[in-house]
Structure formats: C-alpha cells, structure tokens
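> what's the 3D shape of this:
(2 chains, ligands or ions: 1)
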Amino acid sequence: MGASEQGLIGQSVKRKEDVRFLTGAGQYTDDITLPRQTYAVFVRSPHAHAKVRKVDTSRAKAAPGVVGVFTGADLEGVGGLPCGWLITSLDGTPMKEPPHPVLAQGKVRYVGDRVALVVAESLSQAKDAAELVDVDYEVLAAVVSPADAIKPGAPVVHDIAPDNRCYTWGLGDKAATEAAFAKAAHVTKIDIVNNRLIPNAIEPRAANASYSRSDDSYTLYVANQNPHVERLLMGAFVLGLPEHKLRVIAPDVGGGFGSKIFLYGEETALVWASKRVGRPIKWTGERSEAFLSDAHGRDHVTHAELALDKDGKFLGLHVKTIASMGSYLSTFGSSVPTMLYATLLAGQYTTPAIWAEVIGAFTTTSPVDAYRGAGRPEATYVVERIVHQAAVEMGIPQDELRRRNFIRTFPHQTPVALTYDTGDYDASMNKAREIADVAGFAARKAESAKRGKLRGMGYSSYIEACGLAPSNVAGALGARAGLFEAGEIRVNPTGSVSVFTGSHSHGQGHETTFAQIVAARLGISVDAVDVVHGDTGRIPFGMGTYGSRSLSVGGSAIVKALDKIVNKGKKIAAHLLEAAEGDIEFKDGKFTVAGTDRSKTFGEVALTAYVPHNYPLDKLEPGLNETAFYDPTNFTYPAGTHICEVEIDPDTGVVTVAKFTACDDFGNIINPMIVEGQVHGGLAQGLGQALLEHGVYDKESGQLLTGSYMDYAMPRADDLPSFEVATTVTPCTHNPLGAKGCGEAGAIGSPAAMMNAVMDALAPLGVRHLDMPASPHRVWQAIQSAKKG
Amino acid sequence: MYAFELHHAKSVADAAALLAKTGGKALAGGQSLVAAMKLRLAQPGHVVDLSGVAELKGIRREGDHVTIGAMTRHAEVASSDVVKGAIPALAALAEGIGDRQVRNMGTLGGALANNDPAADWPAGVLGLGATVVTNKRKIAADDFFKGMYETALGADEIIVSVSFPVPKKAAYAKFPNPASRFALVGVLVAQTGSGVRVAVTGAASAVFRCKPIEDALAKSWTAAAAKAVKVSATDLNSDLHGSPAYRAHLVSVMAARAVDAAR
Ligand SMILES: Cc1cc2nc3c(=O)[nH]c(=O)nc-3n(C[C@H](O)[C@H](O)[C@H](O)COP(=O)(O)OP(=O)(O)OC[C@H]3O[C@@H](n4cnc5c(N)ncnc54)[C@H](O)[C@@H]3O)c2cc1C
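Okay, the predicted model is just below:
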C-alpha cells in the first residue's frame, strides 16, 4: 500500500479481522479443546435469597464420568472476588464490602448464585451429575428494587450492611446548590428510573483452565476484555498465585459491552479446581446462565431538580439517585453510579452549582456493573430528560434552551470534578439539526396526524468522559489500579511489524485501526502489520478495553512506542548514511539525509538492526523493538447532539423511530467506517434501552422474569431506522492522536433523545410521565391514564 | 438434553405403532420439542421422527377446501400458490411465524399439537372452521383446542392433515410480543359459509372465538364495527408485555385491522 500518513489515517480500510470472523475461522474460548479436557457445570441457586443449610454431593460424586464436585466448603480459605474501586461515604466511612465468595458460603443472594461446581468427562455427564447435588435451602425474603432495599424493614442481604446501603456518597457543592435554588425563577423536577439491562453479548461467557505440573503454572482461556486485570485480581486477591504462574488468554471474544471486564467466580473456580482434578476444565455459559449470572447494567431510581433563572439559564442541579449494586460488589460496580455518573452531570452546560447524592443499595439480584456507557448513559438520561422538561415548562424551544447554556470556553472546569479540554457543542447541534431536517418536522407531524399517528422530536446533547484514566487522579478517587495502557512495537528483521497491545478487541476492529496507525507512521502496508492482543504471556502489562479507551490510551501508547522506533531507526540510518543523527528525516518509509537524495528504506534499517554487521555496536543495542506505557493526563470528552423523531400509534402504543440523527465529536478519526459501525451498534443498544429491553425480577419471589428472549426484548434489525450519522471534529488536546473514543457514545446519547421524542409526541394527550422502556403496553397505559386525567 | 432413542417412521401406521409401543413423542420440525428437550423440560425416552412419512406432506385444493399435510413447513404454506390463491390469509399467517429458520423447519401439525397459547396456527384453524384429520378421526376445530397446550389428541394419535374450507374473505392480524414475536394478540376474521368467525390467539390461555365481534361483524362487516366492540378483559393473560385490559383492547384493534385487510 505504501500510503503516506495523510493517506492512511482517515481511510475506511476494511476490517482485517473480518475475514476470519466471517469465514468461521475465529477462535473463541469454546473452540479451544485441550488434551484430557473435562467439562464443568455450575449448580446455581433457584432462590433469590436463602440460607444454604447443607450441600450433599455424595450422589453427584458417584455419578458416571464425574471427576470432581466442589462446594463453598472446599474453597474455605480462598479469598473472595475483590472490588476494584473504593467509594468513601459522605460521613467518611469506607463503603461496605461484603465477601463475594467464589462458591456460596452459607447463603445465596440471587437466582443463579453459584453453589457447586461439577466436573465430568463430558458435558452431559456433568449436567446429569449436577442434578444429583442435593442442596437444603432455607428460603428468605427477596428484595429486588434498590428503592425498596433501603426502606426500613427490608430483607437484609449482607449482615455487614443491615440497611442494605453499600455507601451514601456525594459529589459537588451542596450549599452552593441550595443557594442556587433559593434564587431560581423556575424549578423543574423529575422522577425517573433507569431500567436494568442484561448485556447479552452474542458469545456467552466461557473459560477453559488448566494446570501444568511440569512448571507449577496455570493457563486460563477466558472470554474477557482485559486479561492482565483478570490475572492480577484472580492471582493476587483470590487464589494467591504469583502472576508468572498464571497465564490468561482472551482469544477471539464475541462482544463484551462491559460484561466481560469483570472477574467472575466461574473462571476463578475453574482455575482453582484444575489443579485439584489435574486436568483442563472447560465451562461455556448457556444463554439462560448468561441472563442470570452476567453482571447487569443500569438500574437507578432518581429524583432530580433543575433551577433556572427567568431566561432559562441553569443555576443549579440537584440529583438524588439510588443505584443497585445487586447482590455483591462486582469488579467496578461501586464506581459506575458514582465516579462515572455524577461527574457527568454538568453535561454540555455551564450549570455553576451541582449536588449529587448517590446511595448504593444491595439487592437480591445479579450484581450490577459497567455496561456500554457505564454511568454516563444514566447521567445523560437525567440531564437531558430534565432539560427537555424544563424547556417544555418554560416554553423555550429545545435547541434554544440548550444553546443558552452551552459551554463555549475551554478548558472548562465543571462543578463535578472534570475539566473539559475542548469541544464545540454548537457545531454538533447545528449539523445534527440540518441533517435531521428540523425545519421539515412540522409538515411531517401534520402528515402523521392525517394518518392518526402522533409524531414527536427529541434532543439529547450528551457528553461523556472516556480515555480512562489519569492513574493519579483515579487513584485519589479510590481506584485500586492504574489506568495507563501499554504498547510494544516489534519490527521483524524483514520489515514486517508485530504490535502488542494491552487493549483488547472484541468487536472494535483494533487489528485494523491500530495497524493503520503503525503502517501510516512507518510507511509500510497495513498488511505488513499484525496486532497481537489478549494474552498475558505475549503482551506487556496492559489494562484492557472498556470506557472507549483503546484508541485514546492504547493507541497513544503505540504512538509513543513508534516514536522510539523512529528515533532508533534514525540512529541506525545516520550510521549507514554516515550523517549526523540530527540531519536524518523519516517520511514515507524512508530515512533521508535532509536536503539530499541519500536515503535508506525502513526495511533496510530493520534488517541492519537484526544483522548488525555494519552497526555502531559500541553505542547502540541491536534490534528494533520498543515498548511504551502511556498514562493520560486527562479524560477525553466525546460529545454531540442526537435528534430522534418517533411516530406513535395511539391505538396500540407502538413507538416507531422514524428518523435518528447522531452528530458526534470523537476528535480525530482513524477509520471512519469502523467509527460508523461503533456508533450504529451503540445506537442499537440505546434504542434497546429506550424502547425494548428491561431486566425484571419478580418483586415477591426474586425470580428473573426476563430470563430468555421470550421475555427480554433485544432489538432486531427491523426495530431500527436507517441511522443518519455524522461527525464534527475538535481534536483532543492532550493525547498524540487527538482522539477521544467512539465506542459508547451511541448508547450514551440516544436513550434520552428517544424518550424526549416519545414525551414530545405524547404531550398533546397530557402524558407527563413515562419510564423506559417505552414498550407498546406502557405507552398505551400512559395514554389511558392521561385520558382519565 | 437427556439421552433418548430416535426412530424414523415410514408411514402414519408405523409412526402410530411406534408411539403406542414406546410411549414416545412424535418429532415434526422440532422447533418446540427439541428446544424443550435441550432445556431438559421435556425428557422423552423415545422420539419418532415423522419427516420421512410421505402421507403427511403436501398442499392440495379439493373443491371448496384446501388440505394441508401435517408435516408441511410454515415456509411452504407461505409460498404456496394454492394457498395464496385460495386463502391468502393463511399464507400471510404462516409468513409471520418466527424467523426464516423457524419457518423452514416448523410444521402445521407440530404447531397444532403443541397448541401454544400464543401460536398463530390455532387462530387460522379455529377462525376458518377447519377440520383436523388424524389417523383415527376427523376433529372439528371447535372441538380440537382444549386449553393451554392441550388438544383433543390422544397419546398415539397423529395429525395427518388439516382441511380448510375456502372462506369468502379472511385476514389475520397479529400484534407481536416485542420480545418473542409470538402473538401478544392475533386475530383471524373470516366470512365463511357458516357465517362470520373471529378467532383470537395470544390473549388467553388458549385460542378462542370472540362472539361479540362475530356478532358485530355479522351485522356490519366494517373495521369500525369491530373496533367499537369492548372486549371483556376477564380471564385474559397478564404478563410483562400486556395487561388483560391492553390485550382486550388489542383484540378489537387487531380485528378491525384484519377486517380492513380481508380479501
Ligand atoms: C425462535 C422461534 C420463534 C417462533 N415463533 C413463532 C411464532 O411467531 N408463532 C408461532 O405460532 N410459533 C412460533 N414458533 C413455534 C414454531 O411455529 C414451531 O414450529 C411449532 O410450534 C411447533 O412445530 P414443530 O413442527 O416444530 O413441532 P415439534 O417441535 O417437532 O413438535 C411439537 C409437538 O407436537 C407434537 N407433534 C408434532 N407433529 C405432530 C403430528 N403430526 N401429530 C401429533 N403430534 C405432533 C410433538 O410430539 C410435540 O409434542 C417459534 C419457534 C421458535 C423456535
């Protein structure tokens, strides 16, 4: 290809990885079968909350083909699953951190909680034996909603938190916010629920663990987004294994959306048991298990108030949220409704005073943790729903009220801890309005009305914080890990390049985007670059992929390593060309003595580095292989405006998204096609949350009512409109790529735009309140209650 | 799935004998049975595959009837020129079942024997007043559907075919459950030789005829007449996707839409 830097960056290079994915050559965890493989099944709790009086495994152990049966009793002394972020309550006490056992110890706390591990020669033998594990439960009362959990007298999930509160945390300035409300001309109030979502990656969680007697080490294949984090947490905190004795490989992974960030009990139990049975153990979650036991997302109950002056300037925002932790603290569960949520409540606005209070509540449900957007969709939903409502109440057009409050000078310090480096919110709003043909809306609404349909339009001007994270800032806020990224560039002797990254691709297309960065910089073909990820045995210590961090943090580490490669290459070229190092320029794959036509190609320099016959061995090491770690100095702030137009059939309550426009500012873009794909996926998930998806537990029994696709409504292709997506660009000011991240924006911005459109359409009927998902049944009910008045 | 023994029946008689002997289950398209077996909800020791039985296949026009073999796949009904010509409502009903994979495997006989409360076929059979032909007898649609997952079939009784009288006009309107896309409410309206028939699926524990709408349409075959009927919500299903009141409302709305679409 030999394209120049300009040529390759910004090009929609076809995804290299798709050849293997589309031809069935991908290697997922379940595709890997090891010699002497055994198979695992977990016995799970059928109850939401119960004491485990006795587990009798004798019948199971005697069943055909059984290799081992393990329960919590066998794991006594083994650590619990750790939580990666310490939240400190307003009163200065640390959050309540109840034990999170690998296999239940004395009690189960959600339907699907792990009680026993059965290992057998075949999967069906393991299943048969699992049915023979006799568990004596004493059933206790369930509590499934976070709002109910903190009420006096609610069933207690963990003894160390008798009020079911993990923490009561706050951010912002309470006094300043109260003062702002005191002088407000208008106050808008809303009560909203952010619906619980179940991730549903197409590949269920899976693991295959083995122990090698020859060097006393373990290897774990696992569907995971961050193998080094998995290794660190499992080795250091749970099993007491030194890292050099545990290799974690996350091969091809079929989607994560956050749910595969976390350390789960299943793979931990497998690693532990692999030494006990002396054979590799494979577990592949079934869809029903995924519904029950993957960490879920969202599940907030919020009351918010916005104070405005008579011109619609925002004076203060007060938010009170009760967030579900689920039954146990998952890896990042504590940080999602706090650090990743309340910090975003300024949105794109100059709101000078904000006070946010968050109660983390334990419930007898699957743990809740990061799910695409993680905290930021919840924040956007609060801000953009209340701004919509305020505009309605004050009779100010939606775009106008937003514009009156946009931040226009940067850097901007918000009252909730973040410093936005750059942005142009008018630009994305204007472009979105143009593409959405806002001018033609009235005519389209009239046309819908002729057909008896209600049409509405809604805005969402969202912001998010990506590029996690400056390690020192995160550390001060309670993070228990660093959040840098690592990259290694290994130039091979004949000039091809292997890139080792701590980021992990499970749908994001890193193998292409990262290759473009490297190929552009080194002036070589994209095909000459391979990106290696997901194996602690091969890559440098990295933090993995979540929070739209891979390009801005992982990509920046690669750029830093490339800098080192080019610098060393210049030294080698200077020697070969008998010129001063300072006179060597590198461009389009050539090292040239400035102002001359004397040059050496990248390939010649690479070969010389590994065949150092004519080489300054006294001054320079041979080889061309560089590693860099990049720790960002700030978060990145992707932002944009989404505009949604819906049509509602009042007879049935069906909401159809007629038009959806997303104009996003992701900073510089390496591969527009991949970015568009990421936005489409995010929007599909946003639509899922707004209109379809809802994880529901039965209030009494604590059973998951939406435990399969019979009841959990995943978006299908024909639920989606043809999205209009566009971008504006203000490059990030503090990373070398000027990139901000695009993986979550669709899911963050869109639900509010969709619900605001629904509210706009229903407003003429007098509907004032509707929670997600705006399912036909709920919309119809809202219309009926409005009719009754 | 538990272990089981698979038998390949060669004829209806052979299948009936195998079922009687083994106490097993007939296997048609497997779209309900195999799923239940995989979840270990069904555990037949013997399974009798009907896919090799020629007598169970095919679509024929016989005078003022269309006869469809029990092993006919939903996709075959949807694309059949005979069905599209005589009873387009049935072709459309079949086209609206599940997804392409399901339609290519699932069968008319399997759907009827299964009698899922939210299945589409029962509305077609009851709404058109069809006759279910088994290896033992002929059963009128009005006598066939007994309750949730319950039919008039005996243990070793096999559906051979279903005979549909060609209506003057008919249409099926389905409001899909947003998650499963089975019928939250599905209504088949028909003007038949024996009067107006309206069959409703999805709304209750089993398919039923909606007398009030039948009466209204007999008086005035218009969408407005159907829509004006306030259907009783008593005994209708209640779940996350619809209250009894919502379902009752949808019965009238879907009936009206079906009247508009009827040909
Ligand atoms: C993803 C999915 C979506 C679906 N969506 C819909 C939908 O939208 N609408 C809808 O109506 N259905 C839907 N279905 C169900 C589908 O139509 C099934 O095909 C049907 O319910 C069963 O038919 P089958 O041929 O697969 O029967 P099988 O699963 O093979 O058998 C079902 C039962 O019928 C018995 N049986 C089969 N044939 C006979 C016979 N000739 N005589 C006596 N007993 C017999 C079997 O013993 C068994 O008990 C869906 C299924 C799936 C998997």
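> Residue A:624 reaches residue A:488, doesn't it?
No: if you go by CB atoms under 8 Å, residue A:624 and residue A:488 don't touch, sitting 11.6 Å apart. (Each C-beta comes from the backbone N, C-alpha and C, glycine too.)
> Helix, strand, or coil at the closest residue to chain A within the stretch 51-200 of chain B?
At 3.9 Å from chain A, residue B:179 is the closest residue in the stretch 51-200 of chain B, using CB to the nearest CB. Counting by DSSP: H, G, I helix; E, B strand; the rest coil, the backbone at residue B:179 sits in coil.
> I'd like to know how many residues surround it.
21 (other CB atoms under 10 Å in any protein chain shown).
> Quick check: chain neighbours aside, which residue is closest to it?
residue A:713 (3.9 Å; CB to CB, 6 or more residues apart in numbering or on different chains).
> Just confirm the one you found contacts residue B:178, I think it does.
Yes: using CB under 8 Å, residue A:713 is in contact with residue B:178, at 4.4 Å.
> Quick check: neighbours shared by the two?
A:692, A:775 (CB atoms under 8 Å, 6 or more residues apart in numbering or on different chains).
> how does the chain divide up, domain by domain?
All of this refers to chain A. A:5-25+A:484-630, A:32-140+A:202-255+A:260-293, A:388-467+A:635-788 (automatic domain parsing).
> sorry, should have said chain B
If you go by automatic domain parsing, chain B breaks into B:5-165, B:169-262.
> Endpoints of the longest one, how far apart?
With CA to CA, to the nearest Å as the measure, domain B:5-165 spans 39 Å from end to end.
> From the chain's centroid, how far away is that domain?
Relative to the centre of its chain, domain B:5-165 is centred 8 Å away, using CA atoms, centre = their mean, to the nearest Å.
> What's the biggest helix in chain B, counting residues?
Identified as the longest helix of chain B according to DSSP state H is helix B:244-261.
> Could you name the helices and strands sitting against that one?
helix A:776-788, strand B:169-176, strand B:183-192, helix B:211-219, helix B:223-228 (3 or more CB pairs under 8 Å, 6 or more residues apart in numbering or on different chains; DSSP states H and E).
> check contacts around the residue of the stretch 51-200 of chain B closest to chain A.
A:692, A:706, A:709-714, B:241.
> give me that answer again for 7 Å
For residue B:179, the contact set (CB atoms under 7 Å, 6 or more residues apart in numbering or on different chains) comprises A:709-713, B:241.
> swap in residue A:410?
A:420-423 are the contacts of residue A:410 under CB under 7 Å, 6+ apart.
> farthest-separated two in those residues?
A:421 and A:423 (8.0 Å; CB to CB).
> higher neighbour count, these two?
Ranked by neighbour count (other CB under 10 Å), residue A:421 and residue A:423 place residue A:423 first, with 26 against 21.
> That one and residue A:638 touch, don't they?
No: using CB atoms under 7 Å, residue A:423 makes no contact with residue A:638, being 9.0 Å away.
> Need the residues touching each of those two.
The contact lists of residue A:423 and residue A:638 share residue A:665, where a contact means CB under 7 Å, 6+ apart.
> Which strand or helix spans the residue nearest to residue B:20 when sequence neighbours are not counted?
Excluding its sequence neighbours, the residue lying closest to residue B:20 (CB to CB, 6+ apart) is residue B:156, at 4.3 Å. Under DSSP states H and E, no helix or strand contains residue B:156.
> for residue B:156, what are its contacts?
So residue B:156 contacts B:16, B:19-20 (CB under 7 Å, 6+ apart).
> quick one: it and the ligand, what's the gap?
Distance of residue B:156 to the ligand, computed by CB to the nearest ligand atom, to the nearest Å: 9 Å.
> repeat for residue A:129
As judged by CB to the nearest ligand atom, residue A:129 and the ligand stand 28 Å apart.
> can you pull the contacts of that residue?
A:60, A:63, A:66, A:69, A:118, A:120.
> how about the one helix or strand residue B:6 maps to, does it get close to the ligand?
Counting by DSSP H and E, the element that carries residue B:6 is strand B:5-8. No: on the criterion CB under 6 Å from any ligand atom, strand B:5-8 is out of touch with the ligand, staying 12.5 Å away.
> Helices of the stretch 1-150 of chain B, residue ranges please.
Using DSSP state H, counting those that start in this stretch, the helices of the stretch 1-150 of chain B run over B:12-22, B:33-38, B:74-79, B:81-86, B:88-95, B:100-105, B:108-114, B:121-127, B:141-144.
> correction: the stretch 651-789 of chain A
A:672-687, A:745-762, A:776-788.
> can you list those helices in JSON lines and add mean pLDDT?
Formatted as JSON lines, the helices of the stretch 651-789 of chain A follow (pLDDT from 0 to 100):
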{"stretch": "helix A:672-687", "mean pLDDT": "98"}
{"stretch": "helix A:745-762", "mean pLDDT": "98"}
{"stretch": "helix A:776-788", "mean pLDDT": "96"}
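> The host helix or strand of residue A:42: how far from the chain's middle?
For residue A:42, the host element (DSSP H and E) is strand A:38-44. Here strand A:38-44 is found 28 Å from its chain centre; the criterion is CA atoms, centre = their mean.
> quick one on the thing from earlier: can I get the helices of the stretch 1-150 of chain B in JSON lines including mean neighbour count?
Supplementary listing: the helices of the stretch 1-150 of chain B in JSON lines, determined by neighbours: other CB atoms under 10 Å in any protein chain shown:
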{"stretch": "helix B:12-22", "mean neighbour count": "17"}
{"stretch": "helix B:33-38", "mean neighbour count": "15"}
{"stretch": "helix B:74-79", "mean neighbour count": "21"}
{"stretch": "helix B:81-86", "mean neighbour count": "16"}
{"stretch": "helix B:88-95", "mean neighbour count": "23"}
{"stretch": "helix B:100-105", "mean neighbour count": "15"}
{"stretch": "helix B:108-114", "mean neighbour count": "25"}
{"stretch": "helix B:121-127", "mean neighbour count": "29"}
{"stretch": "helix B:141-144", "mean neighbour count": "18"}
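> In a markdown table: the ones you listed, plus mean pLDDT.
Shown next, in a markdown table, are those (pLDDT from 0 to 100):
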| stretch | mean pLDDT |
| --- | --- |
| helix B:12-22 | 97 |
| helix B:33-38 | 96 |
| helix B:74-79 | 98 |
| helix B:81-86 | 98 |
| helix B:88-95 | 98 |
| helix B:100-105 | 98 |
| helix B:108-114 | 98 |
| helix B:121-127 | 98 |
| helix B:141-144 | 98 |
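> Please name whichever of these is nearest to residue B:167.
helix B:88-95 (7.6 Å).
> for residue A:263, what are its contacts?
By CB under 7 Å, 6+ apart, the neighbours of residue A:263 are A:81, A:230, A:233-234, A:331.
> Among these, name the ones in helices.
Within the contacts of residue A:263, residues falling in helices by DSSP H are residue A:230.
> ok, the nearest residue to residue A:593 once chain neighbours are set aside - how many residues close by?
Take residue A:593 and drop its neighbours on the chain: the residue closest to it by CB to CB, 6+ apart is residue A:579, 4.5 Å away. The number of residues packed near residue A:579 is 18, by other CB under 10 Å.
> tally of neighbours for the closest residue in space to residue A:587 that isn't next to it in sequence?
Spatial nearest neighbour of residue A:587, excluding adjacent residues (CB to CB, 6+ apart): residue A:523 at 7.3 Å. Residue A:523 is flanked by 20 other residues according to other CB under 10 Å.
> got the contact list for residue A:523?
Residue A:523 neighbours (CB under 7 Å, 6+ apart): A:2, A:588-590, A:602.
> Can you tell me the number of residues neighbouring the closest residue to the ligand within chain A?
In chain A, no residue comes nearer to the ligand than residue A:709, which is 7.7 Å away by CB to the nearest ligand atom. By other CB under 10 Å, the residues close to residue A:709 number 14.
> swap in residue A:784?
16.
> how deep is the residue lying closest to it once chain neighbours are set aside tucked in, by neighbour count?
For residue A:784, the nearest residue in space outside its immediate sequence neighbours is residue B:245; the separation is 7.9 Å by CB to CB, 6+ apart. Neighbour count of residue B:245, defined by other CB under 10 Å: 16.
> cool, and residue A:76?
Neighbours of residue A:76 (other CB under 10 Å): 9.
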